[in-house]
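Participant: Predicted coordinates and the sequence they were generated for:
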Amino acid sequence: MGLWILELKRVCKILQLPLSLSCTPPIFFEVSAHSAYKTIQEIREKEKIHLIELEKLSVIDQLTGLRNRRYLDDNFEIERQKIKRNNQKLCLIMIDIDLFKRINDEYGHQMGDTVLQEFLILLQKNIRVTDLLSRWGGEEFIILLPETSLENAINLAKKIHTAINAFSFANIGKLTASFGVSKVDPNTNSNMESLYQVDKALYQAKNQGRNRIVAYKNNE
Ligand SMILES: Nc1nc2c(ncn2[C@@H]2O[C@H](COP(=O)(O)OP(=O)(O)OP(=O)(O)O)[C@@H](O)[C@H]2O)c(=O)[nH]1
């Protein structure tokens, strides 16, 4: 009983609810203990829902509504373990909008945000529901492609590349993007290595003049 009251005091304190437990006659104590117990249960349920909501928010990018880097980090390991067990294929595509800074500088940050939102819709239209698209940061996106060979990942990058080149962004017009593509080998690569490889391929695409796709090769 004492513990209930302590717990009730605790949750009421957290939720800043008024609580008066003084002068409760024994006959009424049963009733108030019962309602106190119910209150604690209700508050615990609300706390649980609140935590679930917080957990969801922590893996969602506010601007685009896409999953964020944290979500990808968590799920990449799960996907790696799955392909290792089932001997499946897994690839990564990293996409970065070219010269995005110019858009912010010329049209303002808000227009830059709009472009990012349009860009992600374009990406979503071109991938499968089982592909995991996330915002890696700034103007950079990653797609994790389960059950996809390197050849098919490159084909998908080509398809997205063509779609971007054909698209006219509101108020901005044409944009280009650079792509890195890599295969994940769960037996030899750690998550870090796989991400390093796809990032290196993207870096090469930028260095070679942007608006292109580069696949990571082992001997580079
Ligand atoms: N509007 C907007 N801009 C962002 C956001 N996140 C990052 N940026 C901007 O994206 C720009 C990225 O610039 P850089 O890293 O120089 O790259 P870039 O201009 O795209 O050039 P390259 O990648 O070399 O083609 C910076 O100006 C950032 O401020 C965002 O959420 N919204």
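Facilitator: Arrived safely.
Participant: residues touching the closest residue to the ligand within the chain, list them.
Facilitator: Nearest to the ligand, among the residues of the chain, is Gly112, at 2.5 Å (C-beta to the nearest ligand atom). C-betas here are computed from N, CA, C, even on glycine. Taking C-beta atoms under 8 Å, 6 or more residues apart in numbering, we find Gly112 in contact with Phe100, Ile103, Asn104.
Participant: Neighbour-wise, which one of the residues you listed leads?
Facilitator: Within the contacts of Gly112, Ile103 tops the neighbour count with 23 neighbours, counted by other C-beta atoms under 10 Å.
Participant: Name the next helix or strand following the helix or strand hosting it along the chain.
Facilitator: Ile103 is part of helix 100-107, with elements assigned from DSSP states H and E. Past helix 100-107, further along toward the C-terminus, the next helix or strand under DSSP H and E is helix 109-125.
Participant: helix or strand right after that next one?
Facilitator: Sequence order places strand 132-137 as the next helix or strand after helix 109-125, per DSSP H and E.
Participant: domain ranges for the protein?
Facilitator: As given by automatic domain parsing, the domain ranges for the chain are 2-57, 69-215.
Participant: most neighbours per residue, which of the ones you listed?
Facilitator: domain 69-215 (a mean of 17; mean count of other C-beta atoms under 10 Å).
Participant: what distance separates it from the middle of the whole chain?
Facilitator: 13 Å (C-alpha atoms, centre = their mean, to the nearest Å).
Participant: related to what we said a few turns ago, now tell me what touches the helix holding Ile103 from outside.
Facilitator: Applying C-beta under 8 Å, 6+ apart, the contact partners of helix 100-107 are Met111, Gly112, Val115, Gly138, Glu139, Asn171, Ile172, Leu175.
Participant: List phi and psi for Asn207.
Facilitator: phi -70, psi -30 (degrees, to the nearest 10).
Participant: follow-up on the earlier one: for Ser134, see how far away the residue of the chain closest to the ligand is.
Facilitator: 19 Å (C-beta to C-beta, to the nearest Å).
Participant: try Arg10
Facilitator: Arg10 is 37 Å from Ser134, by C-beta to C-beta.
Participant: hey, where'd the helices end up in the chain?
Facilitator: 2-14, 26-57, 69-86, 100-107, 109-125, 150-166, 191-207 (DSSP state H).
Participant: Reformat these into JSON lines and put distance to Ser182 next to each item.
Facilitator: Shown next, in JSON lines, are those (distance: least, C-beta to C-beta, whole Å):
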{"stretch": "helix 2-14", "distance to Ser182": "47"}
{"stretch": "helix 26-57", "distance to Ser182": "29"}
{"stretch": "helix 69-86", "distance to Ser182": "13"}
{"stretch": "helix 100-107", "distance to Ser182": "22"}
{"stretch": "helix 109-125", "distance to Ser182": "18"}
{"stretch": "helix 150-166", "distance to Ser182": "8"}
{"stretch": "helix 191-207", "distance to Ser182": "4"}
